[in-house]
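Q: Whatever this is, show me its structure:
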Amino acid sequence: MTNSNVITFPQATASWGLVKSAGIFDAASAGNLVWIVPMVTGTYKDFETNDTAAGVLQCPAHGFASGTAVRFFGEGGTLPTGIATDTVYYVTATSLAANTFTVSATNGGAVVIPSAVGAGTVIADASFTIPTNATLSFAAGQLQIAE
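A: The predicted structure follows:
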């Protein structure tokens, strides 16, 4: 789905903080929340790990660079213990190769070492912060939602 009209929110009177997801409602006001869409970009990639010593994640042709913000979801498996659903992590330079990577909780931080193996999906994060006095607007065709 793509928005056919401009979507403009009111000006922020205070910092609205980090926007990680958007809600899709069935009415313009007083509607029911029918879908939550994470603010991500790119393609969901399957990953797994059997490494509870170095935290290396196996993810064929992931395309991530060191410092890329990513988020994990449990689709297709159970996330490794120590990696939380829908939390922002950062790809590290440690063990970074075409089919492997590690993550940290902060950009440039220590590698997260899962305490149990697991699998799921990973995707690049596209969350953003709305500061005081900012006006958030999406031009027609700018917001794309895909399953």
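Q: which secondary structure elements does the longest strand anywhere in the chain contact?
A: Ranked by number of residues, the top strand in the chain under DSSP state E is strand 40-49. If you count contacts as 3 or more C-beta pairs under 8 Å, 6 or more residues apart in numbering; DSSP states H and E, strand 40-49 packs onto strand 57-58, strand 69-73, strand 118-125. To be clear about C-beta, it is placed using only N, CA and C from the backbone, and glycine gets the same treatment.
Q: Next secondary structure after the longest one?
A: Scanning forward in sequence from strand 118-125, with DSSP states H and E defining helices and strands, the next element found is strand 128-130.
Q: just to revisit the earlier point, take the helices and strands packed on strand 40-49 and lay them out in JSON lines including mean pLDDT.
A: Output for the helices and strands packed on strand 40-49, formatted as JSON lines (pLDDT from 0 to 100):
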{"stretch": "strand 57-58", "mean pLDDT": "97"}
{"stretch": "strand 69-73", "mean pLDDT": "97"}
{"stretch": "strand 118-125", "mean pLDDT": "96"}
